[in-house]
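> Okay, predicted coordinates and the sequence, questions at the end:
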Amino acid sequence: MRIAILLCLLAGVAHAQDEFEIQVYDAETAPQGEPGLELHFNHHLIDGADNQTHTTFEPHYGLYEWLELGGYLQSSTTRGDAVDFAGVKLRAKARLPHRLWGGRIGLAINGELSVIPSQFDPGIYGSELRPIADLRVGRFYGSVNPILAIDLGGDLAGHPQFEPCAKIAVLVTESIGLGIEGYGSFGPLDDLGSESVERGFATFDYKGHSFDVDFGVGLTHGSPDHPAFKLIFGMHP
């Protein structure tokens with residue numbers, strides 16, 4: 001618990017931090033044979049001239065009880081201008097079949113490959129390895145994702161970047177949770193601490209039988225400083 005809190009409050013973020021998928025993963029996967037769709041909307045109030053809205057469509061499918069496949073189709077608009085294509089990603093998420101410590105701890109790992117236009121990511125080709133550990137004790141929930149982002153092109157190719165994120169939340173009811181999320185990056189593993197940007201969100205979560213909602217209001221510090229809003233709407237059978 002202390003580690004999750006420290007990561008949320010103290011983590012720094014490098015330039016490679018994802019501006020489209022602002023989400024801390026849990027250790028669950030979609031049930032076998034069931035499809036689903038998430039819509040990600042992120043709005044960044046950078047300044048009066050460059051307000052940006054990012055939209056991501058994320059379909060996924062439960063291939064096995066322990067394995068989920070998914071993809072991302074990303075777009076971006078600036079102050080209502082034409083929609084810009086912002087890249088695609090493919091991912092696979094695998095978990096331990098059973099939660100540990102009497103169902104309290106879940107462990108999983110997510111891997112991604114991406115192709116992003118240079119205006120959004122100078123490296124263009126990239127990948128990500130995201131270990132996931134979450135904890136559920138009574139009304140408390142916590143999750144830590146110590147991400148390694150690995151550029152496959154550009155100046156940082158071959159230099160994995162450490163980008164942890166974490167979430168802690170309290171379940172107000174069986175369906176509603178209130179929490180905080182922190183996102184960060186310490187730069188390449190061979191030059192940790194070379195960059196510093198911080199991002200944190202206060203969040204509201206709703207989990208229903210056929211849809212989920214994750215809404216957050218936060219602040220990014222250092223790239224430059226700006227407030228941001230995020231909304232993730234998930235649909236499933």
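Structure's in. What do you need?
> Please pull out the lowest mean pLDDT helix or strand from the chain.
Lowest on mean pLDDT, DSSP states H and E among the helices and strands of the chain sits helix 2-10, with a mean of 38.
> for the following helix or strand past it, packing partners?
Next in sequence after helix 2-10, counting helices and strands by DSSP states H and E, comes strand 35-44. Secondary-structure packing of strand 35-44 (3 or more C-beta pairs under 8 Å, 6 or more residues apart in numbering; DSSP states H and E): strand 52-64, strand 226-235. (Glycine included, C-beta is placed from N, CA and C.)
> okay, the angle between the longest one and strand 35-44?
Between the direction of strand 52-64 and that of strand 35-44, the angle (axes from the mean of the first three to the mean of the last three C-alpha atoms, to 10 degrees) works out to 160 degrees.
> What are the buried residues along the following helix or strand past strand 52-64?
Where DSSP H and E defines the elements, the next helix or strand beyond strand 52-64 is strand 67-78. Of all the residues in strand 67-78, those buried under the rule 16 or more other C-beta atoms under 10 Å are 67-70, 72, 74, 76-77.
> tell me which strands and helices strand 67-78 is in contact with?
Using 3+ C-beta pairs under 8 Å, 6+ apart, strand 67-78 sits against strand 52-64, strand 84-95.
> in its sheet, what does that strand sit against?
strand 52-64 (antiparallel), strand 84-95 (antiparallel) (DSSP bridges).
> can you put those in JSON lines and add mean pLDDT?
Shown next, in JSON lines, are the strands paired with strand 67-78 (pLDDT from 0 to 100):
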{"stretch": "strand 52-64", "mean pLDDT": "96"}
{"stretch": "strand 84-95", "mean pLDDT": "97"}
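> okay if I get the ones you listed as JSON lines plus mean neighbour count?
Putting the strands paired with strand 67-78 into JSON lines (neighbours: other C-beta atoms under 10 Å) gives the following:
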{"stretch": "strand 52-64", "mean neighbour count": "18"}
{"stretch": "strand 84-95", "mean neighbour count": "18"}
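> Any idea how many residues pack against Asn42?
Neighbour count of Asn42, defined by other C-beta atoms under 10 Å: 22.
> so it sits right up against Lys230, yeah?
Yes. The pair Asn42 / Lys230 is scored as a contact, 4.8 Å apart, by C-beta atoms under 8 Å.
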